[in-house]
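>>> Please find the sequence and the predicted model below.
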There are 2 protein chains.
Amino acid sequence: MIKVGCLGPDGTFSQLALRRYVEDKPHSEVQYPSIPELMIATSNDEVDLAVVPIENSIEGGVNTTLDALALHPNLTIICEMLFIVHQNLLSNSPLNEITHIYSHPQPVGQCARYIASSLTGVPIEFTASTALAAQRAANEKGAAAIGSDTLADIYGLNIVTPAIEDNSSNTTRFIVIGKQAAIPTDCDKTSIVFGVEDKPGSLFKILSIFDIFGINMMKIESRPAKTVLGEYLFFVDIEGNMQNKDIKKALELVQYKASYYKNLGSYKKAEL
Amino acid sequence: MIKVGCLGPDGTFSQLALRRYVEDKPHSEVQYPSIPELMIATSNDEVDLAVVPIENSIEGGVNTTLDALALHPNLTIICEMLFIVHQNLLSNSPLNEITHIYSHPQPVGQCARYIASSLTGVPIEFTASTALAAQRAANEKGAAAIGSDTLADIYGLNIVTPAIEDNSSNTTRFIVIGKQAAIPTDCDKTSIVFGVEDKPGSLFKILSIFDIFGINMMKIESRPAKTVLGEYLFFVDIEGNMQNKDIKKALELVQYKASYYKNLGSYKKAEL
């Protein structure tokens, strides 16, 4: 039986994504309190696979996921999944009696307009997950949480206001990570991360390699190299599978020119 | 007298940076509880200038600052400042009696190693600023906060462990924003933000413009355009002042090719 990891407690978006991924395959689920702990556990073979968020259409890249991908050389992206994410105001008190809100920082950003107009001045306390926020709100008079409707069922909360996200196409991209590469399809993308030499034009020169081969760069995101300010790692997604002859050649060249390089895997592009 | 804005309450790094910037010039200081509120106030002329963090060497870009820069067309970067940031564990209880920690999420990332080794399993509650964390910790038995040594003085806390950041070169870059452009120097950089058409290769084509003019791109950072997943705004820093003939020509071309474009200002490169 396959062992799969996700963020806990019950009801996190990561758990919902994991359950959609494994469907009805027999599996045992292990919950971790944070993304770094979940990814260390996957790297150390405590679980075979894990599901983590990597990007949201409003809040952007999930830094802890990106940093951990660069840190653990044995982890590979196997699959990506896109989820339309609806956030709800959950509470056992009516809207006008809400005195404080528990929330993960991400939904606060996703629901900034609703919070500013309908919960003006109500203090927000950050929690490590939307599920933890719901767990807390369920036990305190006047408390509310922001999260999925599933959390209302699990923790016994009412949906005070549904769909409070600023943009109804609010989407989170999740990745499945593990050790074994995905089977190639004809609709793949490839993710890499690299560092560049501290010389003018060095990033542009590496990106030119993709242009030489006519490879489409779909995404570039920078993260600090965590050495000195001004040194970065670049996370780049390109179209195609790394077993493709041109892509293989291009990535060889990127690796040759980069100061740091890691292949993060080829996997099927997701659609909503 | 000039009116300057920063993050409150007393003792935030933003306030320390502001005070270094204004030095002994007469000024009145206005505090705001969050970066978006501070930047709206600057855009609406409630204050003449404001100081906000934009990047940390461990935790990366400050998303709320980047998003607000793109949002308010009348705001310009006037100056940047680099600060070596030392974080301390602040509490009135000894280390072995600490039951919970208050912290802004940023220092938690900056001190991840110390927290994992010396405060294993101690729950962390997130606050909107390091100063708020100290304010709370001062009034609760067993509580600790993570922040600057200044906070220990202001809120009456002991420094339980000094300099707990993972990397002693932990640096935060602050920017001063306002309405009037900085006076050009011969050591300037220029910041812009742009969006690209949804076509293969469109980002690379825009970056090629800098290469044509031999302009050094110092930094690129992407943020979601907040429309649909996969559309981004790119924050780019280049070397030189936008009044330089080549840079002016290059930026005209960038603006012509981009789907969205905003000039964020030319200002002197900071050094530590």
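Received the coordinates, thanks. This is a predicted model, so every value here is computed, not measured. Numbering: from 1, shown residues only, chains lettered A, B, ... in the order given.
>>> touching chain B at all, the lowest-mean-pLDDT helix or strand in chain A?
The helix or strand of chain A with the lowest confidence, counting by mean pLDDT, DSSP states H and E, is strand A:124-126 at a mean of 83. Yes: Strand A:124-126 is in contact with chain B by C-beta under 8 Å from any C-beta of the partner chain, via A:124-126. (Each C-beta comes from the backbone N, C-alpha and C, glycine too.)
>>> I'd guessed residue A:70 sits against residue A:195; true?
No: Residue A:70 is not in contact with residue A:195 according to C-beta atoms under 8 Å; the separation is 9.1 Å.
>>> anything in contact with each of those two?
Here residue A:70 and residue A:195 share the contacting residues residue A:233, scored by C-beta atoms under 8 Å, 6 or more residues apart in numbering or on different chains.
>>> How about the contacts made by the residue nearest to residue A:74 when sequence neighbours are not counted?
Spatially, and ignoring its direct neighbours in sequence, residue A:74 is nearest to residue A:43 (5.7 Å; C-beta to C-beta, 6 or more residues apart in numbering or on different chains). By C-beta under 8 Å, 6+ apart, the contact set of residue A:43 is A:72, A:74-75.
>>> Throw those residues into a markdown table and include pLDDT, secondary structure and neighbour count, thanks.
Shown next, in a markdown table, are the contacts of residue A:43 (pLDDT from 0 to 100; DSSP: H, G, I helix; E, B strand; the rest coil; neighbours: other C-beta atoms under 10 Å in any protein chain shown):
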| residue | pLDDT | secondary structure | neighbour count |
| --- | --- | --- | --- |
| A:72 | 95 | coil | 17 |
| A:74 | 96 | coil | 10 |
| A:75 | 97 | coil | 22 |
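>>> Out of those, the closest to chain B would be?
Chain B lies nearest to residue A:72 out of these, by C-beta to the nearest C-beta, at 14.8 Å.
>>> Let me see the contact set for that closest one.
By C-beta under 8 Å, 6+ apart, the neighbours of residue A:72 are A:39-40, A:42-43.
>>> filter those residues to the buried ones?
Neighbour counting with 16 or more other C-beta atoms under 10 Å in any protein chain shown marks A:39-40, A:42-43 as buried within those.
>>> And the furthest pair within the residues you listed?
Greatest spacing in the buried ones among the contacts of residue A:72, by C-beta to C-beta: A:40 and A:42 (7.4 Å).
>>> Tell me which stretches of chain A form helices.
Taking DSSP state H to define them, one finds helices in chain A at A:13-22, A:35-43, A:63-71, A:105-110, A:112-118, A:130-137, A:149-155, A:202-212, A:245-257.
>>> Go through these and pick out the most buried.
helix A:130-137 (a mean of 25; mean count of other C-beta atoms under 10 Å in any protein chain shown).
>>> Give me the residues contacting that one.
A:7-13, A:15, A:90-92, A:101-104, A:106-107, A:127, A:143-148, A:151-152, A:154-155, A:157.
>>> Taking the stretch 101-250 of chain A, what residue is nearest to chain B?
For the stretch 101-250 of chain A, C-beta to the nearest C-beta, closest residue to chain B: residue A:126, 3.2 Å.
>>> Once you drop chain neighbours, what's closest to that residue?
With sequence-adjacent residues excluded and distances taken as C-beta to C-beta, 6+ apart, residue A:126 is closest to residue B:126, at 3.2 Å.
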